[in-house]
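Sequence and predicted model, in that order:
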There are 2 protein chains.
Amino acid sequence: MSVITTESLVAALPEGIVITNPATIQNYRYDWSRDPDAGTPLAVVRPTDATQIQAVVRWCAANRVPITPRGAGTSLSGGSSAVDGGIVLSMERMRAIEIDTATRVAVVEPGALNAEVKASAAQHGLWYPPDPSSYEICSIGGNIATNAGGLCCVKYGVTTDYVLGLDVVLADGELITLGGKRLKDVAGLSLLKLFVGSEGTLGIISRAILRLVPTQPAKATLVAMFPNLEDAGRAVVALGRVARPAMVELMDKASINIVEDAYRMGLDRAAGALLLIQSDAPGPAAAAEIAMVETACSENGASECFSTDDPAEGEMFVQARRSFFVALESRGTLLLEDVGAPLPQLPALLGGVAAIAAKHRLEIPVVAHAGDGNTHPSIVVDPTDPDAPARAALAFTEIMELAISLGGTITGEHGVGRLKKSMLPAQLGPRVTELNRQVKQLFDPDNILNPGAIL
Amino acid sequence: MSVITTESLVAALPEGIVITNPATIQNYRYDWSRDPDAGTPLAVVRPTDATQIQAVVRWCAANRVPITPRGAGTSLSGGSSAVDGGIVLSMERMRAIEIDTATRVAVVEPGALNAEVKASAAQHGLWYPPDPSSYEICSIGGNIATNAGGLCCVKYGVTTDYVLGLDVVLADGELITLGGKRLKDVAGLSLLKLFVGSEGTLGIISRAILRLVPTQPAKATLVAMFPNLEDAGRAVVALGRVARPAMVELMDKASINIVEDAYRMGLDRAAGALLLIQSDAPGPAAAAEIAMVETACSENGASECFSTDDPAEGEMFVQARRSFFVALESRGTLLLEDVGAPLPQLPALLGGVAAIAAKHRLEIPVVAHAGDGNTHPSIVVDPTDPDAPARAALAFTEIMELAISLGGTITGEHGVGRLKKSMLPAQLGPRVTELNRQVKQLFDPDNILNPGAIL
């Protein structure tokens, strides 16, 4: 076996594109999951256009070198952990955003941040809805690779619902175009949707066409406190039958107390659960929708409701919710879960997480995109407890097993990456797992595209 | 080569499931496209559950017999044209619909009609949005197979946006489950979305889980007349930047006159285009949104606007629009197109269709889901003109070529089926076409599932 050197790669690309400096390479080994198994790549490549991506992929294909595509490195599942001896393909320089106002689409390069896409659209009175909690720092390419969700998905859907077109560099370096500036298109198999959520394992996204909609109207907000998770869960089911809120977030007792510790908002520390709900129905319809939601909450055991149609006041609560992870980080390192369940199973999922926390003597506060049944139990790993990482790892697996047992999913929006792949067959079953493998094999026969992710 | 007989198939299934009576078989040869190349199947099988579908597929796999899945037979692209010596697998007896109100999903068998799903959901205050013009008579399985669209898609998206789960019988007879009662799920490659729109070529859908939303609010309606298509096209672009109407339909001059001939609604026969727009914003917001849309129409050349917030009055116009095809059928047989283009290209597409009509001395009135850029030029084939079918066939191809040249699609919602497959490679390009073939080969190596459709 010959040793691969990067000289021919450096030579194949303009100066400055390929980085082999060991100190810089260190910065590209990990994503936010801090996967301890992350490897050390041969080089980091920062292309500026699709042609350079093709050159990298061709070089990697010829040399059987693994490629880890990387957006902003905010993966929480190890989706962009580097591989020993591989190439990290960082999209940080490919950030162009073009807003086509007539077609109402954004044509974006993968390294553009979600927030940059939103801001560019907003300059033209348009809106790109998907809003992961990390939207200010995550890349749109990563969003597409994971089919990312967010807070407004309960009304507006997830990333795949906004992807109209993709340019993709295949494993042999050929560039293909799927879809286009067309709102409806059923010509041929939906390879477009197959690439969304494929976590860089089938091809490298070099450009995307995203659907935009008119600016979101001003929002009215409701904060409802509940004595327990069961009542909050019933309220989520009930309100979803009469209203289409643009946000239905839940915090459990532990999360309420963590936010209250940090921000002193006057939240009831004794409450078992909090729902944070927003309506963006146009004009006075927002307050009317919030009133309907408030009725549904009251009828299902809410102990206290506070509503406002002042968008700034509502935004304060949303900021507190978004800041939860920041507040939590002071307590230790975090192992972030992303499990989902059918809506009626939400209380069972949250109750089960609490039982797993007690069993393993761990702090596992939960926030949830409750309207979607998508929860984020956050396993706090106490740095002063040497045994905590092992117990946290057990809890991480048991929470996924619980979700599967409830008819749920091991990942609602973060992706399988490397941290969850061992549980994927348990969710999918043997034949669907095998179909995943076969599709991967078809698109990437030499397994050079993000090897080790998903499968 | 041995002659296949159906005796062992008949024996493998309960009495009455397999029909070999030649007279009955005749009724299952054609779908609504009346494809002249439709074959004569060996048998029609009407299973009542997934186990029977598996038995049929296993028998067909063992004997290399082609299977044509069939919902209600309303395909307009030959997607369910029978194949000589094959089996038509009709889902007409698999029509169960179960509404899970807590999860807000419908669990449906593929033979259920779209209208039946809507009606079942409505009994629980819920709504299944996708609404093909044929919703009263088309099956939900066919809708999923073609990723069907409709009139409200401009706001509410297409079928794939509502499919949360599928049970699929694979080409070897194994039954798999994809997705589930989960609103967000990114575990593994999105095979779920790959099956949607695959026109029965990758597997047979035996059950689907569909997302439901609360009942649609009452609608306000605007009818705007324009002197020409260009102004109407500009109005469509302009109104989509300020409003999210639940319907944006267009009729050209010929269509206006056809509807006026049939229904005497007092429409301006001299107008070049009509836009029919509805808002379902809640409460008074609907009339406010329609007022914004009316302003956008007036500013872009509308010669006359009529608006109403009386839902019954609005529905009368929608009915007239829906009845267009019925009115048109009195003029001859129809070759229905389904081409799309980026929104700003809509006037060019419609102008080009008019030029093709003139060139080939054909009547080709157009209605369009204009808000999606999806148009239905209807080529009228005069039965008294022996040369008309040949000219119509030329026009059919030229309209698809025109759509491709404008960055559009040969099919927005009807599917490729058998009538459009010769043009598919021109739209997709060689490599994407090859990927389509390879995926098909992976899922159906012996090419027994709806052979001849798409590819």
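Perfect, I can see it now. These figures come from a predicted structure and were not determined experimentally.

Any figure for the gap between A:Asp185 and B:Gly408?
8 Å (Cβ to Cβ, to the nearest Å). Using the backbone N, CA and C atoms, a C-beta is placed for each residue, glycine as well.

looking at chain A, which helix or strand is least sure?
Least confident element among the helices and strands of chain A, by mean pLDDT, DSSP states H and E: helix A:324-329 (a mean of 85).

Show me the strands in the stretch 301-450 of chain A, by range?
A:304-308, A:333-336, A:366-369, A:374-381 (DSSP state E, counting those that start in this stretch).

Please save the CA atoms from the second one in CSV.
Backbone C-alpha positions of strand A:333-336 (Å, rounded to 0.1, in the frame of the first residue of the first chain) are rendered in CSV as follows:
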residue,chain,number,x,y,z
THR,A,333,-20.4,19.2,29.0
LEU,A,334,-23.6,18.3,27.2
LEU,A,335,-24.7,15.2,25.3
LEU,A,336,-27.6,16.5,23.3
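
mean pLDDT lowest for which of the strands of the stretch 301-450 of chain A?
Among the strands of the stretch 301-450 of chain A, strand A:333-336 carries the lowest mean pLDDT, a mean of 91.

just how off-centre is that one within its chain?
15 Å (Cα atoms, centre = their mean, to the nearest Å).

Identify each buried residue in that strand, please.
A:Leu334, A:Leu335, A:Leu336 (16 or more other Cβ atoms under 10 Å in any protein chain shown).

Now flag whichever of those residues is closest to chain B.
Closest approach between the buried residues of strand A:333-336 and chain B, by Cβ to the nearest Cβ: A:Leu336, at 14.5 Å.

Which secondary structure state does the residue lying closest to that closest one once chain neighbours are set aside sit in?
Nearest residue to A:Leu336, sequence neighbours excluded (Cβ to Cβ, 6 or more residues apart in numbering or on different chains): A:Leu76, at 5.0 Å. Here A:Leu76 is recorded as coil under DSSP: H, G, I helix; E, B strand; the rest coil.

And for A:Arg269?
Going by three-state DSSP: A:Arg269 is coil.

Do I have it right that it meets A:Ile258?
No. Taking Cβ atoms under 8 Å as the definition, A:Arg269 is not a contact partner of A:Ile258, at 10.4 Å.

between the two, who's got more neighbours?
For A:Arg269 versus A:Ile258, neighbours defined as other Cβ atoms under 10 Å in any protein chain shown are more numerous around A:Ile258 (24 against 10).

wait, what's in contact with A:Ala392?
A:Leu335, A:His360, A:Leu362, A:Ile379, A:Val381 (Cβ atoms under 8 Å, 6 or more residues apart in numbering or on different chains).

If you rank those by neighbours, which is first?
Neighbour counts for these peak at A:Ile379, which has 27 neighbours (criterion: other Cβ under 10 Å).

And that residue, how far from chain B?
19 Å (Cβ to the nearest Cβ, to the nearest Å).

my guess is that residue contacts A:Thr397, does it?
No. Using Cβ under 8 Å, A:Ile379 makes no contact with A:Thr397, being 10.9 Å away.

A:Ser77 against A:Lys420, yeah?
Yes. With contacts defined as Cβ under 8 Å, A:Ser77 counts as touching A:Lys420 at a distance of 5.8 Å.

any common contacting residues for these two?
Joint contacts of A:Ser77 and A:Lys420 (Cβ under 8 Å, 6+ apart) are A:Thr411.

neighbour count winner among the two?
Shown here are A:Ser77 and A:Lys420; by other Cβ under 10 Å, A:Ser77 has more neighbours (28 against 25).

tell me the pLDDT at the more buried one?
On the pLDDT scale, A:Ser77 gets 96.

tell me the contacts of it?
A:Ser33, A:Thr146, A:Asp338, A:Thr411, A:His414, A:Gly415, A:Val416, A:Gly417, A:Arg418, A:Leu419, A:Lys420.

per-residue pLDDT, the last one?
In other words, A:Lys420. 97.

Setting the sequence-adjacent residues aside, check what's closest to it.
Per Cβ to Cβ, 6+ apart, closest to A:Lys420 is A:Ile410, 5.2 Å.

Next: the second one.
Distance criterion Cβ to Cβ, 6+ apart; nearest residue to A:Thr146, sequence neighbours excluded, is A:Gly415 at 3.8 Å.

quick one: buried residues of stretch A:357-369?
A:Ala357, A:His360, A:Leu362, A:Glu363, A:Ile364, A:Pro365, A:Val366, A:Val367, A:Ala368, A:His369.

okay, now the domains of chain A?
A:97-214, A:220-325, A:331-413 (automatic domain parsing).

okay, how far is it across the first one, tip to tip?
Same thing as domain A:97-214. 18 Å (Cα to Cα, to the nearest Å).

Distance from it to the middle of the chain?
On Cα atoms, centre = their mean, the centre of domain A:97-214 falls 13 Å from that of its chain.

now the angle from the longest helix belonging to chain A to strand A:374-381?
As assigned by DSSP state H, the longest helix anywhere in chain A is helix A:388-405. Calculated by axes from the mean of the first three to the mean of the last three Cα atoms, to 10 degrees, helix A:388-405 forms an angle of 160 degrees with strand A:374-381.
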